[in-house]
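K.L.:
I would like to see how this sequence folds:
(2 chains)
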Number of protein chains: 2
Amino acid sequence: MTASLSRAVIAVDWGTSSFRAYLLDPQGGIVDRRESHGGILRVRGGDFAAALLVEIEDWLKQQPDALVIMSGMIGSRQGWREVPYVLCPATPDELAEGLERVDWGEGEAWIVPGLLDESRPGQPDVMRGEETQVLGAQGALPKGGGLVCLPGTHSKWVRVEGGAIQGFATYMTGEVYDLLQGHSILSRLMTKGAVAVDRWFLEGVMLGQAGGLLNRLFSARSRALTGDLPEDEVRSYLSGLLIGDELAAAVPDEAVEVHLIGAPALSALYEAALQKLGHSVVQLDGDAVAAGLFDLARRREASQ
Amino acid sequence: MTASLSRAVIAVDWGTSSFRAYLLDPQGGIVDRRESHGGILRVRGGDFAAALLVEIEDWLKQQPDALVIMSGMIGSRQGWREVPYVLCPATPDELAEGLERVDWGEGEAWIVPGLLDESRPGQPDVMRGEETQVLGAQGALPKGGGLVCLPGTHSKWVRVEGGAIQGFATYMTGEVYDLLQGHSILSRLMTKGAVAVDRWFLEGVMLGQAGGLLNRLFSARSRALTGDLPEDEVRSYLSGLLIGDELAAAVPDEAVEVHLIGAPALSALYEAALQKLGHSVVQLDGDAVAAGLFDLARRREASQ
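P.N.:
Below you'll find the predicted structure:
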């Protein structure tokens, strides 16, 4: 397989609520980039072809033969085309073999499959998009393996070994935080602002290690009521409790190295929590998805 | 202390979203009862005296010297008067000593204090209303002791020993279920209807024993997506996962007897889950709050 392609690549990470795209040269270098809130739920009448053209028309004029490759929820039932999941363990070649082409009258465009992990009985897990980020970050993993965490609305913990994704687990941490902040009895207690990496956040992380999350959550209320927890700190404490509960289940007891891929502010929270628990952290490139999409495009072209 | 009072009692359980009242004869027998959605959050301009009069005016005409006694969130900062918490362990006499009188121009009216448990460092817990229900059910506990569960939006687990409430813990189980059902990514997967005590509910309960709730919750989505979990069963499975996580933290590993006080449909879920885990269950009287309020009124009168 050659290191470069015969043409430019337009790499698209198209999720539920956001759209992110990169124009890449034939060697995978980032020429241009853009982001919008045009996630798949915002696309009117499901006309994804029209929505994509609006986003990247100027790039296509510059590079009419560019290969378009997309990952994320765009390949789900609610997206452009439902691309079947590839089963774990999954190699990069197996992911590339699962690519499906969409016709849109504008040249070649492909959608990356998601992954399905069925290794835990009664606990199948699914992802769409994160597999491509992990693939793009793989060069940074020691001996092509490691534990990768992608924090977010639905945090993903991915085990990579021998260059293949062995399995993964999803945690609804970010979504449960948003629900509690927006709609629960705790909402009225919470002031606005970012979560801080401070004493209250770390205390939440430690309390979260002991389980009983549904009880711990109530302590955000009782500690605020009894004057123990300052109102400005409820959100940091609550975030710590939730991330702490996630880490108690996702990370082994012995010290490990965790590779983080995510938005800087959220990754900083996970880094602080993991370090507090004695683990070491490596922050990986936030543009890993571009590298992953380029890698899949290369594999696609090489197989033709 | 005599078993009866010199006059009738109007016993009021006034919570955040509901109002429940009993007219009791001087021996504590239930003469009449009523319920409304007039919880404290519905009371306009905080005029609780006017709201109470609307609810019980006819009873006061029949029994002008009736003693009014109220428990629940009516005694909170958002209620009629903030009555200080009594510290655990708390005897019935200590609860009675904490009663505070409100002036409302219509005869004698008292509010029951809530309870504060500070026995677990960094995890203070509070209740308002459930202490009165437990007090009213105490006669049904063997040797004045036992483990009492009051399932609900915020489930309470109360340890009673030697006739005193030793301590308790709150679980936000019902509220988290409502949030997930109403506002989460799972909402769209969930059909309407009641939670069923069936195979999926019980499977959720068992999976909930292993911890990692934030990951288990996502399995409601992944199992529905992969066709394993029927859409009509998502709510029962989800309810099982949440109740299972609560029970894993609230109930000891060895078999115990749990005394349940609650609405019949919800109590039936807890009973099935507890039995599945090998525990025995005694359902207590749902009108326990009336007996508890009568008991506190007697103690109040006896101490004067």
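K.L.:
chain A: strands as residue ranges?
P.N.:
Taking DSSP state E to define them, one finds strands in chain A at A:9-14, A:19-24, A:30-36, A:67-71, A:86-87, A:100-101, A:109-111, A:115-117, A:125-127, A:146-150, A:155-161, A:164-171, A:257-260, A:280-283.
K.L.:
pipe these into JSON lines and attach mean pLDDT per row.
P.N.:
Rendered in JSON lines, the data for those read as follows (pLDDT from 0 to 100):
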{"stretch": "strand A:9-14", "mean pLDDT": "98"}
{"stretch": "strand A:19-24", "mean pLDDT": "98"}
{"stretch": "strand A:30-36", "mean pLDDT": "96"}
{"stretch": "strand A:67-71", "mean pLDDT": "98"}
{"stretch": "strand A:86-87", "mean pLDDT": "98"}
{"stretch": "strand A:100-101", "mean pLDDT": "98"}
{"stretch": "strand A:109-111", "mean pLDDT": "98"}
{"stretch": "strand A:115-117", "mean pLDDT": "98"}
{"stretch": "strand A:125-127", "mean pLDDT": "97"}
{"stretch": "strand A:146-150", "mean pLDDT": "97"}
{"stretch": "strand A:155-161", "mean pLDDT": "97"}
{"stretch": "strand A:164-171", "mean pLDDT": "98"}
{"stretch": "strand A:257-260", "mean pLDDT": "97"}
{"stretch": "strand A:280-283", "mean pLDDT": "97"}
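K.L.:
closest to B:Gly152 out of these?
P.N.:
B:Gly152 lies closest, by C-beta to C-beta, to one member of those: strand A:164-171, at 26.5 Å. Every C-beta, even on glycine, is put in place using the N, C-alpha and C of the backbone.
K.L.:
point out where chain A drops to low pLDDT.
P.N.:
A:1-2 (pLDDT under 70).
K.L.:
what about the longest helix in it?
P.N.:
If each helix of chain A is counted by residues according to DSSP state H, the longest one is helix A:234-250.
K.L.:
may I have that helix as PDB, with CA atoms only?
P.N.:
Output in PDB follows, covering the C-alpha atoms of helix A:234-250 (Å, rounded to 0.1, in the frame of the first residue of the first chain):
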ATOM      1  CA  VAL A 234     -22.500  21.700  42.400                       C
ATOM      2  CA  ARG A 235     -21.800  21.300  38.700                       C
ATOM      3  CA  SER A 236     -18.100  20.300  39.300                       C
ATOM      4  CA  TYR A 237     -19.100  17.900  42.100                       C
ATOM      5  CA  LEU A 238     -21.800  16.300  40.000                       C
ATOM      6  CA  SER A 239     -19.500  16.000  37.000                       C
ATOM      7  CA  GLY A 240     -16.900  14.400  39.300                       C
ATOM      8  CA  LEU A 241     -19.500  11.900  40.700                       C
ATOM      9  CA  LEU A 242     -20.500  10.800  37.100                       C
ATOM     10  CA  ILE A 243     -17.000  10.600  35.700                       C
ATOM     11  CA  GLY A 244     -15.900   8.800  38.900                       C
ATOM     12  CA  ASP A 245     -18.600   6.200  38.400                       C
ATOM     13  CA  GLU A 246     -17.600   5.800  34.700                       C
ATOM     14  CA  LEU A 247     -13.900   5.300  35.600                       C
ATOM     15  CA  ALA A 248     -14.700   2.800  38.400                       C
ATOM     16  CA  ALA A 249     -16.200   0.500  35.700                       C
ATOM     17  CA  ALA A 250     -14.100   1.400  32.700                       C
END
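K.L.:
circling back: now the strands of chain A in CSV, with distance to chain B and mean neighbour count?
P.N.:
Conversion of those to CSV gives the following (distance: least, C-beta to the nearest C-beta, whole Å; neighbours: other C-beta atoms under 10 Å in any protein chain shown):
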stretch, distance to chain B, mean neighbour count
strand A:9-14, 17, 26
strand A:19-24, 19, 23
strand A:30-36, 21, 13
strand A:67-71, 18, 26
strand A:86-87, 11, 16
strand A:100-101, 18, 13
strand A:109-111, 17, 23
strand A:115-117, 7, 24
strand A:125-127, 5, 23
strand A:146-150, 13, 23
strand A:155-161, 8, 22
strand A:164-171, 4, 22
strand A:257-260, 16, 19
strand A:280-283, 20, 16
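K.L.:
returning to that earlier point: check whether the longest helix of chain A contacts chain B.
P.N.:
Yes - for helix A:234-250 and chain B, the contact criterion (C-beta under 8 Å from any C-beta of the partner chain) is met by A:Leu242, A:Asp245, A:Glu246, A:Ala248, A:Ala249, A:Ala250.
K.L.:
ranking those residues by neighbours, who comes first?
P.N.:
The most crowded member of those, judged by other C-beta atoms under 10 Å in any protein chain shown, is A:Asp245 (31 neighbours).
K.L.:
pretty sure it contacts A:Met206?
P.N.:
No - A:Asp245 is not in contact with A:Met206 according to C-beta atoms under 8 Å; the separation is 11.3 Å.
K.L.:
hang on, the earlier thing: let me have the strands of chain A in TSV, extended by distance to A:Leu60.
P.N.:
Compiled in TSV, the strands of chain A are given as follows (distance: least, C-beta to C-beta, whole Å):
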stretch	distance to A:Leu60
strand A:9-14	7
strand A:19-24	10
strand A:30-36	12
strand A:67-71	8
strand A:86-87	29
strand A:100-101	17
strand A:109-111	10
strand A:115-117	29
strand A:125-127	29
strand A:146-150	30
strand A:155-161	32
strand A:164-171	32
strand A:257-260	34
strand A:280-283	33
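K.L.:
closest to B:Ile261 out of those?
P.N.:
Closest approach to B:Ile261 among the strands of chain A is made by strand A:164-171 (33.8 Å; C-beta to C-beta).
K.L.:
which residues touch the closest one?
P.N.:
The list of residues contacting strand A:164-171 from outside it, by C-beta atoms under 8 Å, 6 or more residues apart in numbering or on different chains, reads A:88-92, A:115, A:117, A:119-120, A:125-127, A:130-131, A:134-135, A:154-160, A:246, A:249-250, B:212, B:214-215, B:218, B:222.
K.L.:
residue furthest from the geometric center of chain A?
P.N.:
In chain A, the residue that sits farthest from the middle, by C-alpha atoms, centre = their mean, is A:Thr226; the gap is 37.9 Å.
K.L.:
wait, isn't that residue in contact with B:Pro124?
P.N.:
Yes - using C-beta under 8 Å as the test, A:Thr226 is close enough to B:Pro124 to be in contact (5.0 Å).
K.L.:
shared neighbours, these two?
P.N.:
Between them, A:Thr226 and B:Pro124 share the neighbouring residues B:Leu116, with contact defined by C-beta under 8 Å, 6+ apart.
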